[in-house]
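sequence unavailable; structure follows:
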């Protein structure tokens, strides 16, 4: 409604956002934040859980936000690609990381996905999501 139109920052409402994060507290916080902005959030702690929650058919999210470090062998970069492959679509992705390991950070930068460092500032997250959705507010 008009309230969201006058809100500062970019409009990211009604976007279907898949969040893949294996820390339950971070997952919940991210989901709550995105929910406040009007996003439909699908929260998952792994690729398998994500695909299960998305369900069959044309259920592709508009965007995937993944933590770089997930449980097991799969990192966030691989997770976004695997989910895209399973849904047969190239998904815009955003990588979050608390990592300071230069090799991992380099890998993330080379992936082509934008990278945000934890703890993530809400406005930085909102701006990155808006850019990936192609809804960023153009600076006049």
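It's in. Because the structure is predicted, anything quoted here is derived from the model rather than measured.

helix or strand right after the lowest-mean-pLDDT helix or strand in the chain?
Least confident helix or strand, the chain: helix 2-6 with a mean of 45, by mean pLDDT, DSSP states H and E. Sequence order places strand 16-20 as the next helix or strand after helix 2-6, per DSSP states H and E.

residues contacting residue 42?
16-19, 50, 53-54, 61 (C-beta atoms under 8 Å, 6 or more residues apart in numbering). Every residue, glycine included, has its C-beta placed from N, CA and C.

hmm, try it at 10 Å
Contacts here follow C-beta atoms under 10 Å, 6 or more residues apart in numbering; on that basis residue 42 touches 16-20, 31, 49-50, 53-55, 59, 61, 64.

any chance of a ChimeraX selection covering the buried ones in those residues?
In ChimeraX, this line selects whichever of those come out buried by 16 or more other C-beta atoms under 10 Å:
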select :17,18,19,20,31,50,54,61,64
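
would you turn the contacts of residue 42 into JSON lines with pLDDT and distance to residue 107?
Formatted as JSON lines, the contacts of residue 42 follow (pLDDT from 0 to 100; distance: C-beta to C-beta, whole Å):
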{"residue": "16", "pLDDT": "95", "distance to residue 107": "27"}
{"residue": "17", "pLDDT": "97", "distance to residue 107": "23"}
{"residue": "18", "pLDDT": "97", "distance to residue 107": "21"}
{"residue": "19", "pLDDT": "98", "distance to residue 107": "21"}
{"residue": "20", "pLDDT": "97", "distance to residue 107": "17"}
{"residue": "31", "pLDDT": "97", "distance to residue 107": "26"}
{"residue": "49", "pLDDT": "95", "distance to residue 107": "23"}
{"residue": "50", "pLDDT": "95", "distance to residue 107": "21"}
{"residue": "53", "pLDDT": "92", "distance to residue 107": "27"}
{"residue": "54", "pLDDT": "90", "distance to residue 107": "26"}
{"residue": "55", "pLDDT": "77", "distance to residue 107": "31"}
{"residue": "59", "pLDDT": "77", "distance to residue 107": "29"}
{"residue": "61", "pLDDT": "95", "distance to residue 107": "23"}
{"residue": "64", "pLDDT": "97", "distance to residue 107": "17"}
